[in-house]
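Colleague: When you get a sec, could you give me coordinates for this:
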Amino acid sequence: MKASAVAKIKTLEQAYDFVLKVKTCLIFGSDSSPLPSLWDNVDLPGRQPGQKGWGKKVEAIWVWKNELPAFFPDEIFYGKLPGGLAVLMCLDHLQNEHYPAHHRPVSSCKPLARELFSLIKSEPHTSAELCRAISPEGDISKSRINTAVVELQTTLNIVRCNAPEIKRDTWLPFGDQYLIPEEEDE
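Modeller: This next block holds a predicted model:
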């Protein structure tokens, strides 16, 4: 069930406490999910009239979604749920509930996703690098490539690198970052 005003989050530390309390939360709210969201619980101003940029609320949430798993890699996971919704969850929930329920072997993914995984398995790649490597002539749309990346995320085959110094989405095999037994299946 959706949490209504569970917390009034203003800091990274409060966001951390919130994720651990609710176990799983969306980054931004969605009518299609009963999960609570950071968006609904962050108490920072949105974009003000005449202000440039996104506003303090969006800026904070956007940064926290990367900082929480980077600063607390043994406690917080960032990924995508089936359907592509961005989520933060505590690692215990990931290991005991989410991973067993949602992991699928790479071999069950679509051909483009399997091809991207073989690139990522050889070395981490940013999204832009994947686009250039998989479609140097641009004949495969960025949208199709992004869809394949999301498929690999939702099936728990790849994950965003948590290293704090990495600023761009850089993808690596799930098992390279999380110690959850993976099937040797490609």
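Colleague: Could you use CA atoms for every contact and neighbour count after this?
Modeller: Noted.
Colleague: List the contacts of the closest residue to residue 81 other than its chain neighbours.
Modeller: For residue 81, the nearest residue in space outside its immediate sequence neighbours is residue 154; the separation is 5.4 Å by C-alpha to C-alpha, 6 or more residues apart in numbering. With contact taken as C-alpha atoms under 8 Å, 6 or more residues apart in numbering, residue 154 is in contact with 79, 80, 81, 82, 83, 84, 102, 103.
Colleague: Angles on the backbone of the second one, please.
Modeller: Spelled out, it's residue 80. Main-chain dihedrals, residue 80, degrees, to the nearest 10: phi -120, psi 140.
Colleague: Please name the nearest non-neighbouring residue to it.
Modeller: Once flanking residues are discounted, residue 80 sits nearest to residue 86: 4.6 Å by C-alpha to C-alpha, 6+ apart.
Colleague: Just the contacts of residue 154: which are in strands?
Modeller: If you go by DSSP state E, the contacts of residue 154 have 79, 80 in strands.
Colleague: Just the buried ones out of the contacts of residue 154, please.
Modeller: Neighbour-count burial (16 or more other C-alpha atoms under 10 Å) applied to these gives 79, 80, 81, 103.
Colleague: so which of those would you say is closest to residue 143?
Modeller: Residue 143 lies nearest to residue 80 out of these, by C-alpha to C-alpha, at 16.5 Å.
Colleague: ok, that closest one touching residue 152?
Modeller: No - Residue 80 lies out of contact with residue 152 (C-alpha atoms under 8 Å); the separation is 9.4 Å.
Colleague: Tell me the backbone dihedrals of the residue nearest to residue 80, please.
Modeller: phi -70, psi 140.
Colleague: Check the one 3 residues further on too.
Modeller: Recorded main-chain torsions at residue 89 are phi -150, psi 160, according to degrees, to the nearest 10.
Colleague: can I assume it is in contact with residue 20?
Modeller: Yes - with contacts counted by C-alpha under 8 Å, residue 89 reaches residue 20, the gap being 7.3 Å.
Colleague: Give me the more crowded residue out of these two.
Modeller: residue 89 (24 against 19; other C-alpha atoms under 10 Å).
Colleague: In contact with the more buried one, which residues?
Modeller: Taking C-alpha under 8 Å, 6+ apart, one finds 19, 20, 23, 24, 25, 76, 77, 78 in contact with residue 89.
Colleague: Tell me the spacing between the closest residue in space to it that isn't next to it in sequence and residue 92.
Modeller: Leaving out its chain neighbours, the residue that sits closest to residue 89 by C-alpha to C-alpha, 6+ apart is residue 24, at 4.2 Å. Look at residue 24 and residue 92: by C-alpha to C-alpha, to the nearest Å, they are 10 Å apart.
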